[in-house]
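Novice: sequence first, predicted model second:
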Amino acid sequence: MSKPTKKPHLLLWFSIPLIMVIGLRSPNKSLSINIYDTYVVFSATDLTIAISVLLGLIGLGYWIIQKTSRKLT
């Protein structure tokens, strides 16, 4: 139980391939969001890549904080 709290960056980095596999299985799908009179359309591939990059950056931040021996509050 204490393992994920000691190294949260590994949990984030190991979730990236899982998200990539799930998101790239169906590349023809899209997500459309209606904001008043404007539709914003995202493809599944774009969302998968964006979420993976975001998780990678958050994991990198955790790793840097751990290597510099700082504490998060």
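Specialist: Yep, it's here.
Novice: tell me how many other residues crowd residue 17.
Specialist: Counted with other C-beta atoms under 10 Å, residues neighbouring residue 17 total 10. In this view, the C-beta of every residue, glycine as well, is placed from N, C-alpha and C.
Novice: likewise residue 22?
Specialist: Neighbour count of residue 22, defined by other C-beta under 10 Å: 11.
Novice: who does the residue lying closest to residue 39 once chain neighbours are set aside bridge with?
Specialist: Excluding the flanking residues, the one nearest residue 39 by C-beta to C-beta, 6 or more residues apart in numbering is residue 32, at 5.5 Å. Residue 32 forms beta bridges with residue 41, as assigned by DSSP bridges.
Novice: show the model's pLDDT score for residue 32.
Specialist: If you check residue 32, the pLDDT there is 89.
Novice: ok, it - contacts?
Specialist: Residues near residue 32 by C-beta atoms under 8 Å, 6 or more residues apart in numbering: 39, 40, 41, 42.
Novice: adding distance to residue 11, pLDDT and neighbour count, write these out as CSV.
Specialist: Listed next are the contacts of residue 32 as CSV, based on distance: C-beta to C-beta, whole Å; pLDDT from 0 to 100; neighbours: other C-beta atoms under 10 Å:
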residue, distance to residue 11, pLDDT, neighbour count
39, 35, 91, 9
40, 30, 90, 9
41, 31, 91, 9
42, 25, 87, 14
